[in-house]
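In: Okay, predicted coordinates and the sequence, questions at the end:
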Amino acid sequence: MLRTLRVLLRKEFTQIRRDPVILRMLFVMPVIQLVVLANAATFEVKRADLWVVDQDRTEVSRGVVQALVASGRFTVVGRSTTEAPADTALIEDRADAVLVLPHGLARDVERTRRGSVQLVLDAVDGAQAGVIQGYAERILASHAARLGVEMLPVRHVAAGMPGPAPGRVEIRARGWYNLSAAYPHYMVPGILVMLVTLVGTLMTALNIVREKEAGTLDQLNVTPVRKSTFIAAKLIPLWCIALLLLAIGLTVGHLLFGMPVLGSLLLVFLAAAIYLVAALGIGLWISTVAETQQQALFVTFAITMVYALMSGLYTPVHGMPPWAQAVAQVNPLLHCIALMRDVLLKGAGIGEVLPHLLAMAAAGAIILPLAVRQYRKRSA
C-alpha cells in the first residue's frame with residue numbers, strides 16, 4: 001500500500017510540475033491576489049469629499065474648514081450659505097459629508113468659549129460614514145484645543161435623523177497590538193487563509209473532476225489501487241502546496257506590508273495543517289457532486305462566498321444577528337482567521353487559541369470522512 005501511494009504521489013507531483021497553468025494558478029495568482037486585496041480590502045477612507053455650508057462667514061468658521069482640509073483627509077468640493085445645494089450634492093454622490101457652520105459661531109466662541117457645528121453624513125455606506133465621522137471629530141477636537149475652546153459636533157445622517165449630543169466625558173483611547181491601525185496588518189492574515197482555502201478546496205475538486213472528464217478515473221477504479229490510497233495521493237500534494245503557499249504569503253506580507261509576526265510560526269503552520277483537512281474534505285465532496293470542471297467551479301464559488309461572508313474576514317461576526325453568529329461558529333474558516341490574527345498580531349500561544357484549534361480539528365474529523373464515504377459511494 002505504501003509503495004502504491006508513493007508511486008501515485010510521484011505521478012501527482014509530476015503532473016503538477018508539467019502543467020504551467022496549474023503552477024501559475026497555485027503560486028503566481030495567489031501572490032498577486034494577496035498584494036492587490038491587502039491594499040484594496042480596507043475600511044480606511046483616504047480622502048472624503050466635503051461640502052461646506054458656511055452661514056457664519058467669519059475667521060472662526062474659515063479656520064474650522066482649513067483645519068479639516070489641512071489634515072489631508074477632506075477635500076472641499078463645494079460651498080454655499082444654504083443647505084439645499086448641499087443636500088443635492090449628497091443625493092448625487094458628489095459629496096460624502098456636509099459641514100454646516102451656523103450663524104453666530106464666532107460670537108458663541110468669543111462669549112462662552114464653546115461652539116457647535118453640524119456634520120451631515122451620507123450614511124448609505126455606514127462603515128464609511130462612521131470612519132469619516134471619527135476623522136472629523138478628532139480633527140475638530142484638536143483644532144478647538146489649539147484655540148482654547150470646546151467644539152461640539154452635532155451629528156446627523158443624510159436621512160435627517162439627529163444623533164445624540166456628545167457627553168462631557170473625556171475619552172482617551174489607546175489601541176494595542178496594531179498601534180498604527182494599519183488595515184493591511186489586519187487583513188493580510190485573513191486573506192492568506194482565504195487563498196489557502198481556495199487552493200485546498202478548488203484545486204482538489206478540479207484535480208479529481210479532471211480525471212473524471214478524461215476517463216482515467218474509471219480506469220483507476222478497475223485497478224487493484226484502493227480508493228483510500230487514490231484519495232490520499234490526490235490530497236497530500238495539495239496539502240503540501242497549500243502550506244508552501246502560506247509560507248510564501250507570510251513572507252510577502254511581512255516584507256511588503258510590514259505585517260508583524262509576534263507569535264509562533266510553528267503554531268501558525270500547525271493550525272493551517274489542521275484547517276486544510278477540512279478544506280480538502282470540502283473539495284473532495286465537491287468532486288463527488290460535479291461531473292465537469294465548470295460545475296466544480298460554480299459549486300466552489302457558491303460555497304466559498306458563504307464561507308467568506310460568515311467568517312469575519314470583511315465584517316465582524318459580533319455585528320451579525322444572533323442566529324448568524326451561531327451558524328458562523330461551525331465555519332472552520334472563521335476559527336482559522338481568528339487564530340492567525342491572534343497569533344501573528346497579538347503573539348497568542350496555544351493555550352489562548354486552543355478553542356479555535358479544537359473547532360478546526362472537529363470540522364476536519366467530520367467533513368473529510370463524510371467526503372471520503374460519499375466519494376466511495378459515487379465511485380462504486
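Out: On my side now, so go ahead. This one's a predicted model, so the numbers in the text were calculated from it and none came from an experiment. Numbering: from 1, shown residues only.
In: sec struct for residue 87, please.
Out: When classified by DSSP: H, G, I helix; E, B strand; the rest coil, residue 87 comes out as helix.
In: Just the pLDDT at residue 92, thanks.
Out: Turning to residue 92, the model gives it a pLDDT of 81.
In: Just give me the neighbour total for it.
Out: Residue 92: 8 surrounding residues under other Cβ atoms under 10 Å. Yep, even glycine has a C-beta here, placed from its N, CA and C like the rest.
In: CA atoms of stretch 9-18 as PDB?
Out: Provided in PDB are the C-alpha atoms of stretch 9-18 (Å, rounded to 0.1, in the frame of the first residue of the first chain):
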ATOM      1  CA  LEU A   9       2.300  10.700  -5.300                       C
ATOM      2  CA  ARG A  10       5.200  10.800  -7.700                       C
ATOM      3  CA  LYS A  11       2.700  10.800 -10.500                       C
ATOM      4  CA  GLU A  12       0.700  13.700  -9.000                       C
ATOM      5  CA  PHE A  13       3.700  15.900  -8.400                       C
ATOM      6  CA  THR A  14       4.900  15.200 -11.900                       C
ATOM      7  CA  GLN A  15       1.600  16.200 -13.400                       C
ATOM      8  CA  ILE A  16       1.500  19.400 -11.400                       C
ATOM      9  CA  ARG A  17       5.100  20.300 -12.300                       C
ATOM     10  CA  ARG A  18       4.500  19.700 -16.000                       C
END
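In: how about it: buried residues?
Out: 9, 12, 16 (16 or more other Cβ atoms under 10 Å).
In: Give me the subset of those lying in helices.
Out: Taking DSSP state H, the ones among the buried residues of stretch 9-18 that sit in helices are 9, 12, 16.
In: Which stretches in the stretch 51-200 of the chain count as helices?
Out: 59-70, 84-91, 105-112, 126-147, 183-214 (DSSP state H, counting those that start in this stretch).
In: and residue 97, how many residues sit next to it?
Out: Neighbours around residue 97, by other Cβ under 10 Å: 25.
In: That one against residue 120, yeah?
Out: Yes: in this structure, residue 97 is within contact of residue 120 by Cβ atoms under 8 Å, at 6.6 Å.
In: Tell me how many other residues crowd the closest residue to residue 300 other than its chain neighbours.
Out: Spatial nearest neighbour of residue 300, chain neighbours left out: residue 202 (4.8 Å); criterion: Cβ to Cβ, 6 or more residues apart in numbering. For residue 202, the tally of surrounding residues (other Cβ under 10 Å) stands at 23.
In: ok, residue 202 to residue 211 distance?
Out: 15 Å (Cβ to Cβ, to the nearest Å).
In: now residue 347
Out: For residue 347 relative to residue 211 (Cβ to Cβ), the value is 44 Å.
In: So those two - more neighbours on which side?
Out: Applying other Cβ under 10 Å to residue 347 and residue 211 shows that residue 211 carries more neighbours, namely 18 against 14.
In: per-residue pLDDT, that one?
Out: pLDDT for residue 211: 76.
In: Next, count neighbours for residue 282.
Out: 25.
In: tell me the contacts of it?
Out: 201, 303, 367, 371 (Cβ atoms under 8 Å, 6 or more residues apart in numbering).
In: and it, what element?
Out: Taking DSSP states H and E as the definition, one finds residue 282 inside helix 265-289.
In: in that helix, what counts as buried?
Out: 267-268, 271-288.
In: And for stretch 120-134?
Out: By 16+ other Cβ under 10 Å, the buried positions in stretch 120-134 come out as 120, 121, 122, 123, 128, 129, 131, 132, 133.
In: before we move on, what about stretch 228-240?
Out: Within stretch 228-240, the residues that count as buried by 16+ other Cβ under 10 Å are 229, 230, 231, 232, 233, 234, 235, 236, 237, 238, 239.
In: What average pLDDT does it get?
Out: Across stretch 228-240, the average pLDDT comes to 85.
In: how about that stretch as CSV, C-alpha atoms only?
Out: Written as CSV, here are the backbone C-alpha positions of stretch 228-240 (Å, rounded to 0.1, in the frame of the first residue of the first chain):
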residue,chain,number,x,y,z
SER,A,228,-8.4,5.4,0.1
THR,A,229,-4.9,5.2,-1.4
PHE,A,230,-6.0,7.1,-4.5
ILE,A,231,-7.7,9.8,-2.4
ALA,A,232,-4.6,10.2,-0.2
ALA,A,233,-2.4,10.6,-3.3
LYS,A,234,-4.8,13.3,-4.6
LEU,A,235,-5.0,15.2,-1.3
ILE,A,236,-1.4,15.1,0.1
PRO,A,237,0.3,17.1,-2.7
LEU,A,238,-2.3,19.9,-2.5
TRP,A,239,-2.0,19.9,1.3
CYS,A,240,1.8,20.4,1.0
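In: gap between that stretch and the chain center?
Out: A distance of 29 Å separates the centroid of the chain from that of stretch 228-240, by Cα atoms, centre = their mean, to the nearest Å.
In: Just to check, residue 96 is in contact with residue 46?
Out: No: with contact defined as Cβ under 8 Å, residue 96 does not count as touching residue 46 (11.5 Å).
In: For these two, indicate the residue with more neighbours.
Out: Set residue 96 next to residue 46 and count neighbours by other Cβ under 10 Å: residue 96 wins out with 23 against 7.
In: For residue 347, give me its contacts.
Out: 262, 263.
In: which phi and psi does it have?
Out: Backbone torsions of residue 347, given as degrees, to the nearest 10, read phi 70, psi 30.
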